[in-house]
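Student: Got a predicted model here, sequence first, then my questions.
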Amino acid sequence: MSAWAPVTYVRALNASLAVTEDGAGYLERCPSAFVTALLIQRADGFTPDDELIAFIGRLRLRDLLLTDWDILGLLAVLYEQSQITEQKKRANLLPHQGDKHEGLAHQMAAPSNSDAQGDSSGHSSYPPVLILHRTAPRFYSTRVPLIRSTYAAVAHNRTDQLILFVGQGHGDGHDDMIVIEECTTISDLFARIPRVNNTAEQVSSFTSQVCVTAGSIEVAANLISQTNGYFGWVLFCDDDAYVLPDNVQRFLADHDPSIPTLFAIFACGTGNCDYGVCGGGGWIMSSSLVRLMVEGFNKTTYRSFRQEFMHLSNEDCRMTDDVTVSQMARRMNIPSLKMVPLEGVYPWYLSEATLRESLQPHVYEYMPLPLLYHYNAKDRMNELHEMAMRYGSNRRVPAG
């Protein structure tokens, strides 16, 4: 089976189904077709039409993925291979400067010493970024320490990169953990969960996660306010995600934080919430959007932002916290809101070969700068950190 087979298959599938109700039913019964459509929609310039996007919004993506990990993994590899192949072809069409040509992206990934070290206060010349990992007590002794000992340790003395954890119930004794105590019993307030065959423990987990995500956005708004807008951007991600903060800053350097902006993979949908954020790849919000969302709801409704977020997630979005983020932004009718696809994030588990390839400096000529890798257990997190440090994508920057 060639690397391009999925592209041809999905195009033929989309055309043959003619976007009929029968077609929608087929996609629901065939998770592999649906997952394929999501994974390769950007390859070779392929863009799903509006009807297919509507289907994506109506399907229960999380349920499909939870029962189809093998298919997802296979298609992810095929997608990566096809994307790399095509981007290499395109790169060959670009003008080169002989043997001395290193590529723009390679130069971006390896800044000069002056750019990396910044001024005497430890600031870099790139926009300060706040990174919030959403977590839960059962991961305080496993996932959280892995992040602290890898990429977060590199950024420990940085003033322009702040990595924090937002949890529930109780903390773990570290200053970088922010606990939202109300999220422990929040399920008592929102007990009507539009899901089937879920235990009480699962329902509590769903509601607590939604509460923590809403609380994370509130935490970001408070920190932005307390620092007089110092942090222009906020990256929200899971507690098994490895982030390359330097690359995130380089990516954001070309964007204006005063414009309400949401960067994410927009392909997940549940209930009445269409084409929403897929949280596995994380999402980035400008400081202006964070403040507009939190302060706007507190000023214009009888609910707090967190209450409004929980209400929307429960009523319309089937308690999916990530999908609710984009739905909240849309429903506020924020002027000049930009919702931009986020590239350079890897929400699925990569093979070791693909992981290593994605971190090589030469691939930045035809691939987006890597920003985040999801699904990292202990061995993978340490391996990934070693590779990131070796290849220079996450440089140690001395304190001033």
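Tutor: Done, it's in. Numbers count the residues shown, from 1 in each chain.
Student: C-alpha only now, for contacts and for neighbours.
Tutor: Noted.
Student: tell me the SS of Y275?
Tutor: Following DSSP: H, G, I helix; E, B strand; the rest coil, the label given to Y275 is strand.
Student: which residues in the chain form strands?
Tutor: Taking DSSP state E as the test, the strands found in the chain are 129-134, 161-168, 177-180, 233-238, 242-243, 261-264, 266-270, 273-277, 283-286, 338-341, 345-346, 372-373.
Student: what packs against the third one?
Tutor: In terms of contacts (3 or more C-alpha pairs under 8 Å, 6 or more residues apart in numbering; DSSP states H and E), strand 177-180 is packed against strand 161-168.
Student: same question, the first one
Tutor: Based on contacts counted as 3+ C-alpha pairs under 8 Å, 6+ apart, the elements that strand 129-134 packs against are strand 161-168, helix 200-226, strand 233-238.
Student: Figure out which of those is closest to R318.
Tutor: In terms of C-alpha to C-alpha, the element of those nearest to R318 is helix 200-226, at 9.3 Å.
Student: quick check: angle from that closest one to strand 233-238?
Tutor: For helix 200-226 against strand 233-238, the angle by axes from the mean of the first three to the mean of the last three C-alpha atoms, to 10 degrees is 160 degrees.
Student: List the buried residues in helix 200-226.
Tutor: Buried residues in helix 200-226, counting neighbours by 16 or more other C-alpha atoms under 10 Å, are found at 203-224.
Student: and if you look at stretch 285-296?
Tutor: Neighbour counts over stretch 285-296 (16+ other C-alpha under 10 Å) mark 285-296 as buried.
Student: what residues are up against the residue nearest to N382 when sequence neighbours are not counted?
Tutor: The spatial neighbour of N382 that comes closest, neighbours along the chain excluded (C-alpha to C-alpha, 6 or more residues apart in numbering), is T150 at 6.9 Å. Listed by C-alpha atoms under 8 Å, 6 or more residues apart in numbering, the contact set of T150 reads 381-382, 385.
Student: Tabulate those in a markdown table, adding columns for distance to A136, pLDDT and neighbour count.
Tutor: Output for the contacts of T150, formatted as a markdown table (distance: C-alpha to C-alpha, whole Å; pLDDT from 0 to 100; neighbours: other C-alpha atoms under 10 Å):
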| residue | distance to A136 | pLDDT | neighbour count |
| --- | --- | --- | --- |
| M381 | 18 | 95 | 23 |
| N382 | 21 | 94 | 18 |
| H385 | 23 | 94 | 19 |
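Student: And the residues you listed, which is closest to D254?
Tutor: Of all those, H385 has the smallest distance to D254: 26.0 Å, by C-alpha to C-alpha.
Student: Relative to F236, how far out is the residue nearest to the closest one when sequence neighbours are not counted?
Tutor: Closest residue in space to H385, ignoring its immediate chain neighbours: T150 at 6.0 Å, by C-alpha to C-alpha, 6+ apart. Applying C-alpha to C-alpha, to the nearest Å, the value for T150 to F236 is 18 Å.
Student: CSV please, covering the buried residues of stretch 285-296 and showing pLDDT.
Tutor: Below are those laid out as CSV (pLDDT from 0 to 100):
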residue, pLDDT
M285, 98
S286, 98
S287, 98
S288, 97
L289, 96
V290, 96
R291, 95
L292, 93
M293, 91
V294, 92
E295, 86
G296, 80
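Student: Just these: which are in helices?
Tutor: In this view, the buried residues of stretch 285-296 that belong to helices under DSSP state H are 287-296.
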